[in-house]
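dropping the sequence and predicted coords here.
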Amino acid sequence: MQIPYTVDVRPDTGLYNAKLGIWLFLASEVMLFGALFSTYILLRVAAPVWPHGSDILNVPLATVNTMVLITSSVTMVMTWVALKLKQFGRARMWLTLTFLCGVGFMVIKSIEYSAKFSHHLYPSTNTFMAIYFTLTGLHGLHVLGGMLVMAYFLGPGARMWNTEPERYTNRIEVLGLYWHFVDLVWIFLFPVLYLL
Amino acid sequence: MSKSPEAVAASHPHAHGHHEDGFLRKYVFSIDHKVIGVQYALTSLCFLFFGFTLMMLMRWQLAYPGSPIPLIGALLGESAAPGGIMAPEFYNSLGAMHGTIMVFLGVVPLAVGAFGNFVVPLQIGAPDMAFPKLNMASYWCFLPGGLVMLASFFVPGGAANSGWTSYAPLSNIATTGQTLWLFGMVLLITSSLLGSVNFIVTIIQLRARGLTYMRFPFFVWAQLVTSFLLLLAFPPLEAAGVLQLMDRLAGTSFFLPTGLVVSGVPVDASGGGSPLLWQHLFWFLAHPEVYVLILPAMGIVAEIIANNTRKPLWGYKSLVYSVIFLGFMSFIVWAHHMFMTGMGTTISNFFQTTTMIISIPSVVILSALFLSLWGGSIRYTTPMLFALGFLPMFGIGGLTGLPLGLAASDIHLHDTYYVIGHFHYVVAPGTILALFAGIYYWFPKVTGRKMNETLGKIHFWGTIVCMNIVFMPMFIQGLAGVSRRLYDGGQQYAHAQGVLEWNVVMSMGAWTLALAQIPFFINFFRSIRKGEKVKDGNTWEATTLEWTAAPSPPVAHGNFPVEPVVYRGPYEYSAPGFAQGYAPQNAPEKA
Amino acid sequence: MSESHAHDVSKHVKSYVLVFVGLAVLTAVTVWIAGLQHTVMAGVVLALIIATIKGSMVASFFMHLISERKGIYWVLALTAIFFLALIFLPLGAFMDQQGTPLHSTGAVETSSHHVP
């Protein structure tokens, strides 16, 4: 018994199953981060004073991180392009670069966090720090999750390229959609937390 | 190179001859939607029964406040029931956990996890769900989530006791049980999210050839809309759960206001948070959640009514448009649970208006189901009795919601027993009756045997009479002003004195309701082995694919001996030109 | 078929590079604007407009939304509506309160953070 439309698209919807699945999942993620953005807005509106993000947070480092993520989005989509052109070697290269961008992002994030801790700024310090750590922390967990999946597709998961190349390409496309979404969240997170 | 299902089957000729799975793979970690459906059914029925016993304990305290609980009192321990008398904190735990368990571990897993999983792929002609392994993961997040909830009874301080609504700041400062409640909820929400993605992709992508959207059985539409509700409404509660966990474990103040003092001691936190923020995030989920509770039930009732009136449902299109509109509206009514939080008139008016509007599709659906009876050849089978019982009970539940949705009358009724009466009518004589209907209806499909009709009828009458005895007096108490969540049932309040005697009546009703379930237990377990075997796969002479295209039980791998193709709508009963008097969805013209 | 396929793909690659440049430029613009003097409200509006443009570029080109199927658009439109409800309705409830009026948003101008 085989599940249809795992590789080829269903004619009337034009989608394969996992692509619809990941878009639905991303829709739920929009609501998840939306709740946290709503939290940010409500806490800020109700607060008698609220700091400028740039006074407390490290804007230059975060700007670098923004560029790191944007770059990783490019390398991610180039991975998919290479697979579409049946160039597995180049695809591996692009995916590895994407993974390294993720590493870079997390390293910079750790530097930021430890700087906060060394200045005795913790989530419990005030609501600004609380929402900062929660929003960036949850986002960071999503980055880590994506990196885990990338490692899988570079490692044991890569075997599928030899047996079912189209299915492997689809899976990379699905991973790419998730990764671009993670980039998208940061594109909003960065100005809201750091610049406003 | 398009891989149609036939080509896929042809390219894998070994599909039927592969090695047998071991016990664990076949029954515990199965990826087959039918097995997973049964797992959900058995697990959720256990949780339903457990939640029911919690309520029966509560009803002793309400009927005889301060008197020792017979037999069980000694077993509850000195902190929960010193001297066998229920402690107030324990009463609150029972209340919070009864609600949580019934909603999140009982009704939804049964309605969606069990019935949805088992029936939907069969009704759309699919071999399984789109993501079978994800389906298994859903169940295996649900069960641990439930076990975490149960474990919370045994930690110091007992289980969560801040209501199923876990309002801040009380829940922030509550004992460890609340932390476990939050972890349990995170697991349950994850299970739900994985499941909802699976359902939507399955329904859209795996439906059989010829099964267009307007040929779906209404049950499939109900499950599709339900899945969208779960997908988009749960994440804010997951976020809120994380925020409350951070408040409790990391010392943040998302929900702790500045200057909070507890028992004379200022809380050691930064403050600056908002208890109302919790309420908004909670109710953003919890309102669509009540539609998650009712929609699958409406779907089940629709199937059974069409089948047992031997005629098409009245107003199929209006049913479909109504359920879609209902799903959409359900996202923008939530603050009608918050009319008493000091919101201004503008925003209260907005939510009151949307709440009134959302009653329209509900009424359309109920009316269509009632009208479907007109001119029908009604067969009073056990499923039909339960389905018929659902209709007026949901009517009462829905109508009693109206004064709650109007801000002015809600001032008097908010947080009284009127509310408890309202929502129990919708869920207990409402959804649960429909779920029983579904069990009696689809039992032959799952097992190949019928349940006993006589025991079923006794179960029906006992249940519906007792449910009304339990819940109708709640409106009387609520209108008199008796608040909910009072551990002595209102004994201390002058305004409650005139209606206190109803507590004894309701408790007697609840305990009799428990007895009324005995015929069901006997019937259910005996019929698995000794029930009357069905002669062919279509026990009820139904038109939908699960009956016409699959045997009872369905083929282990792939459900259907032949991939079904659909030629018509779902309820072509009494259609001319067909020898059996109805037109199966997958029968070509004039078979 | 592979030649035209490769040609299509190389057109895609060109658009990816252009989007990357656009995103980099807009990031710089965002940071620059933040450094200018303006009210909080203007800052919020500008920042969100730029972020929305950047996000749309990522979604349309990297995520191929611009050539995606109708069904996906419906899901996302629905999500967008509920997202906006989740943001603005609780805000409305906070702003429209009985009794004591809220602090105005102008009060959050101070640069020092307040530890209660």
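Sure thing, it's come through.

what about residue B:399, how many residues close to it?
Residue crowding around residue B:399 was assessed by other C-beta atoms under 10 Å in any protein chain shown; the count is 14. For every residue, glycine as well, the C-beta is placed using N, CA and C.

with the one 10 residues further on instead?
The number of residues packed around residue B:409, counting by other C-beta under 10 Å, is 14.

residue of the stretch 401-550 of chain B nearest chain A, please.
residue B:550 (13.1 Å; C-beta to the nearest C-beta).

what's around that residue, how many residues?
When neighbours are defined as other C-beta under 10 Å, residue B:550 has 23 of them.

so who does it touch?
B:122, B:445, B:537, B:559-560 (C-beta atoms under 8 Å, 6 or more residues apart in numbering or on different chains).

any idea which helix or strand carries the spatially most central residue of chain C?
With distances taken as C-alpha atoms, centre = their mean, residue C:52 lies nearest the centre of chain C, 2.7 Å away. Assessed by DSSP states H and E, residue C:52 sits inside helix C:40-57.

who are the packing partners of that helix?
If you count contacts as 3 or more C-beta pairs under 8 Å, 6 or more residues apart in numbering or on different chains; DSSP states H and E, helix C:40-57 packs onto helix A:165-190, helix C:2-35.

what residues sit buried inside it?
The neighbour-count check on helix C:40-57 (16 or more other C-beta atoms under 10 Å in any protein chain shown) flags C:40, C:43-44, C:46-47, C:50-51, C:54-55, C:57 as buried.

would you list those residues in TSV and tack on pLDDT?
Formatted as TSV, the buried residues of helix C:40-57 follow (pLDDT from 0 to 100):
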residue	pLDDT
C:40	80
C:43	86
C:44	87
C:46	91
C:47	91
C:50	94
C:51	94
C:54	94
C:55	93
C:57	93
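
which single one of those residues is nearest to residue B:527?
Using C-beta to C-beta, residue C:55 comes nearest to residue B:527 of the buried residues of helix C:40-57, at 56.4 Å.

break down chain A into its helices, ranges please.
Shown for chain A, the helices assigned by DSSP state H span residues A:17-46, A:53-56, A:59-84, A:88-118, A:127-154, A:160-163, A:165-190.

nearest to residue B:43, out of those helices?
That would be helix A:17-46 among the helices of chain A, by C-beta to C-beta, at 23.9 Å.

okay, the helices and strands packed on helix C:40-57, which one's buried deepest?
Ranked by average neighbour count under the criterion mean count of other C-beta atoms under 10 Å in any protein chain shown, those are headed by helix A:165-190 at a mean of 22.

let me know the angle separating the helix or strand following the helix holding residue C:52 from helix A:17-46.
The first helix or strand that comes after helix C:40-57 along the chain, using DSSP H and E, is helix C:70-95. Going by axes from the mean of the first three to the mean of the last three C-alpha atoms, to 10 degrees, helix C:70-95 is angled at 10 degrees with respect to helix A:17-46.

pick out the residue of chain C closest to chain B.
residue C:96 (3.5 Å).

between the two ends of stretch B:547-566, how far is it?
Length of stretch B:547-566, first residue to last, C-alpha to C-alpha, to the nearest Å: 13 Å.

next one: stretch B:199-219
End-to-end distance for stretch B:199-219: 13 Å, by C-alpha to C-alpha.

please point out which parts of it sit buried.
By neighbour count with 16+ other C-beta under 10 Å, stretch B:199-219 contains the buried residues B:199-208, B:211, B:215-219.

filter the residues you listed down to the ones near chain A?
B:200-201, B:204-206 (C-beta under 8 Å from any C-beta of the partner chain).

quick check: residues of chain C near chain B?
C:71, C:78-79, C:81-82, C:85-86, C:89-90, C:92-94, C:96-99, C:115-116.

just want the angle from the least confident helix or strand in chain C by mean pLDDT to helix A:165-190.
Lowest by mean pLDDT, DSSP states H and E among the helices and strands of chain C is helix C:2-35, with a mean of 84. With the same axes, to 10 degrees defining the directions, helix C:2-35 sits at 10 degrees from helix A:165-190.

quick check, helix C:2-35 touching chain A?
Yes - shown here: helix C:2-35 in contact with chain A (C-beta under 8 Å from any C-beta) through C:5-6, C:9, C:12-13, C:16-17, C:19-20, C:23-24, C:27, C:30-31, C:34.

show me what contacts the closest residue to chain C within the stretch 251-400 of chain B?
As assessed by C-beta to the nearest C-beta, chain C sits closest to residue B:344 within the stretch 251-400 of chain B, at 3.5 Å. Applying C-beta under 8 Å, 6+ apart to residue B:344 gives the contacts C:96-98.

what about it, distance to residue C:88?
Distance of residue B:344 to residue C:88, computed by C-beta to C-beta, to the nearest Å: 15 Å.

what residue in chain B comes nearest to chain A?
Taking C-beta to the nearest C-beta, chain B has residue B:251 as its residue nearest chain A, at 3.2 Å.

count the neighbours of that residue for me.
Counted with other C-beta under 10 Å, residue B:251 comes out at 16.

please apply the same query to residue A:63.
Applying other C-beta under 10 Å, I find that residue A:63 has 17 neighbouring residues.

what sits against it?
Residues near residue A:63 by C-beta under 8 Å, 6+ apart: A:190, C:27, C:31.

CSV please, covering the residues you listed and showing distance to residue B:425.
Below are those laid out as CSV (distance: C-beta to C-beta, whole Å):
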residue, distance to residue B:425
A:190, 50
C:27, 56
C:31, 58
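
which of those residues lies closest to residue B:373?
For the contacts of residue A:63, the residue nearest residue B:373 by C-beta to C-beta is residue A:190; the value is 59.5 Å.

gap between the closest residue in space to that closest one that isn't next to it in sequence and residue A:53?
Closest residue in space to residue A:190, ignoring its immediate chain neighbours: residue A:66 at 5.2 Å, by C-beta to C-beta, 6 or more residues apart in numbering or on different chains. To residue A:53, residue A:66 is 14 Å away according to C-beta to C-beta.

close to chain A, is the helix or strand residue B:297 falls within?
Per DSSP H and E, residue B:297 falls inside helix B:275-309. Yes - Helix B:275-309 lies within reach of chain A by C-beta under 8 Å from any C-beta, at B:277, B:280-281, B:284.
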